[in-house]
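Student: Mind looking at a prediction? Sequence and model below.
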Amino acid sequence: MEIVGRGFLARHLRAIAHRHADVVALAAGVSWAADTSDTAFGRETALVRDTAARCRETGRTLLFFSTSSAAVYGADRPGRESDPAVPHTPYGDHKLALERLLRESGTAHLVLRLSHVVGPGQPPHQLLPSLTRLVRAGGPVRVQRHATRDLIGVRDAVTLIDALLSRGERGGTVNLASGHAVPVGDIVDHLERRIGVAARREYIAGGAAHLVSVERLRALLPGQVAALGFDAGYHRRVIDSFLAERQPA
């Protein structure tokens, strides 16, 4: 596997790179849902277009990482890959445009719509590092009353990516998530218990419950998904692992 990018996900993909010589993993580009920069969007569009052309010329498969967030699916229904996706933010519109670009390019590809991937080395602006930092400081932690997030451990995500590529999955779109919509307030609760700090909170209006469907993922990889234990307590195990790996040696 050729890995384009040097960030959080790219580093973890190195563990399976030797197993997929026919794949180019595009683990670079815009990864922050709040980003609305035309410049950043334009750079990623050019990168996807150029990488797709290179894969087409060399007969390789392009692995593209999109988003399964409410930016793509909205919050009024479970987000299923087979349903029409209507972007709700500039970030969602951008990611869906890149998916369309790939479908129309004639390049062999696989689109994975990621939920909130958690693990060592992730950028400090992302959800769990940010919440952890705020809880350790005692707050204030601003929580949207109705917001939910689907957490998946980065090593579990890489395990599933490896399995999808190994079974020859190509040409489609798959949600890569745990399938559990966890209220952000519950995530803060668990961080407080583990860190031992009761942080001051500020509840604000907004947010919406968003459930990512993993029906297709389970159908494609029933054994692997079952082994990872995506139950209602999965997010707590992900948080515990994240906190343990952040402790000083």
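Tutor: Yes, it's here.

Student: So which bits of the helix or strand hosting L217 are buried?
Tutor: In this assignment (DSSP states H and E), L217 forms part of helix 215-220. In terms of neighbour count (16 or more other C-beta atoms under 10 Å), helix 215-220 has its buried residues at L217, L220. For every residue, glycine as well, the C-beta is placed using N, CA and C.

Student: same thing with stretch 172-182?
Tutor: Buried residues in stretch 172-182 (16+ other C-beta under 10 Å): T173, V174, N175, L176, A177, S178, G179, H180, A181, V182.

Student: Let me know whether G7 touches A28 as I believe.
Tutor: Yes: counting by C-beta atoms under 8 Å, G7 touches A28, with 6.9 Å between them.

Student: Looking at the two, which is more packed in?
Tutor: Set G7 next to A28 and count neighbours by other C-beta atoms under 10 Å: A28 wins out with 19 against 14.

Student: List the contacts of the more buried one.
Tutor: A28 is in contact with V4, G5, R6, G7, A10, E44, L47, counting by C-beta atoms under 8 Å, 6 or more residues apart in numbering.

Student: Give me the distance between it and F8.
Tutor: Plainly put, A28 is 11 Å away from F8 if you go by C-beta to C-beta, to the nearest Å.

Student: Quick one: residues in contact with the helix holding L217.
Tutor: Here helix 215-220 makes contact (C-beta under 8 Å, 6+ apart) with 80-82, 160, 164, 167, 169, 174-177, 179, 225.

Student: Now the two most distant members of the residues you listed.
Tutor: Distance extremes for the contacts of helix 215-220: the farthest pair is R80 and R167 at 20.5 Å, using C-beta to C-beta.

Student: Counting neighbours, go ahead and name the busier of those two.
Tutor: Neighbour count, other C-beta under 10 Å: between R80 and R167, R80 has more, with 17 against 11.

Student: Dump the contacts of helix 215-220 to JSON lines, plus secondary structure and distance to E245.
Tutor: Formatted as JSON lines, the contacts of helix 215-220 follow (DSSP: H, G, I helix; E, B strand; the rest coil; distance: C-beta to C-beta, whole Å):
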{"residue": "R80", "secondary structure": "coil", "distance to E245": "33"}
{"residue": "E81", "secondary structure": "coil", "distance to E245": "31"}
{"residue": "S82", "secondary structure": "coil", "distance to E245": "36"}
{"residue": "L160", "secondary structure": "helix", "distance to E245": "20"}
{"residue": "L164", "secondary structure": "helix", "distance to E245": "25"}
{"residue": "R167", "secondary structure": "coil", "distance to E245": "29"}
{"residue": "E169", "secondary structure": "coil", "distance to E245": "29"}
{"residue": "V174", "secondary structure": "strand", "distance to E245": "27"}
{"residue": "N175", "secondary structure": "strand", "distance to E245": "25"}
{"residue": "L176", "secondary structure": "strand", "distance to E245": "21"}
{"residue": "A177", "secondary structure": "coil", "distance to E245": "21"}
{"residue": "G179", "secondary structure": "coil", "distance to E245": "24"}
{"residue": "V225", "secondary structure": "helix", "distance to E245": "23"}
